[in-house]
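# Have a look; sequence and predicted model below, questions after that.
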Amino acid sequence: MRRNSHGPFSSASQGFPGKLQQEPPPVALSTNRPSIPVLTALLPILFSLGLAAQTGQDFAGQGALLAVRLQARSPKAEREEDGNGQKIVLGQVVNTEGEGLARAVVHLKNKRSQEVTTHISNDRGDFRFRGLNPNVDYEVHAEFNGGSSPTRSVSLFDSRQEIYLVLKIDTSK
């Protein structure tokens, strides 16, 4: 059988004179496959998740897999999986008499990344570090007029979400 130049599913006939050539019926596309515009829009996401390598395979069910992968990567989902929220380290910088030291410099060191965050204590000597990762160890110390407090540790094994520290500096030196 010869097919015409109008495509494989054209209803026009060609061939031997007097004979009507029937074309096969059009093939119905599966409804469980995403459309081309949907795939085009999702292509950058699929590549980033490694799903685009499955081009020869059926994409049915990949939408649910994509949703699961995206949910597992969200910070909110990670916090819910841990069962812990973010930690807060707060406290007061005081002298040997227990009086708050205003404008003391408080250093918080992330032991995993070695990143140091610094805050200045308020008029009463209070300080606060919010939004800390509960799965990291930290070190905290304060400095004031050349003096320094002993370094205090905040362990990832401490399950409290709010940790209060008193950092004492000997100012008589």
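Thanks, I have it. The model shown is predicted, which means the values in this text are computed figures rather than measured ones. Numbering: from 1, shown residues only.
# Enumerate the positions of the helix or strand containing residue 139 that are buried.
Following DSSP states H and E, one finds residue 139 within strand 138-144. By 16 or more other CB atoms under 10 Å, the buried positions in strand 138-144 come out as 138, 140, 141, 142, 143, 144. Every C-beta, even on glycine, is put in place using the N, C-alpha and C of the backbone.
# What of stretch 101-116?
Neighbour-count burial for stretch 101-116 [16+ other CB under 10 Å]: 101, 104, 106, 107, 108, 109.
# Also stretch 117-126?
119, 121, 125, 126.
# returning to that earlier point: next step: the buried residues of stretch 101-116 restricted to strands.
Among the buried residues of stretch 101-116, the members falling in strands (DSSP state E) are 106, 107, 108, 109.
# unless I'm mixing things up, the third one is touching residue 142, no?
No - no contact is recorded between residue 108 and residue 142 when judged using CB atoms under 8 Å, the distance being 10.2 Å.
# Helices along this structure, start to end?
Secondary structure of the chain (DSSP state H): helices at 36-49, 62-73, 75-82.
# average pLDDT for the last one?
Meaning helix 75-82. The average of the pLDDT scores along helix 75-82 is 43.
# And stretch 155-163, by the same measure?
pLDDT averaged over stretch 155-163 gives 95.
# what's the first-to-last distance across it?
Counting by CA to CA, to the nearest Å, you get 10 Å between the two ends of stretch 155-163.
# still on that earlier bit, including distance to residue 164 and pLDDT, could the ones in strands among the buried residues of stretch 101-116 go into a markdown table?
Formatted as a markdown table, those follow (distance: CB to CB, whole Å; pLDDT from 0 to 100):
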| residue | distance to residue 164 | pLDDT |
| --- | --- | --- |
| 106 | 13 | 98 |
| 107 | 17 | 98 |
| 108 | 14 | 98 |
| 109 | 18 | 97 |
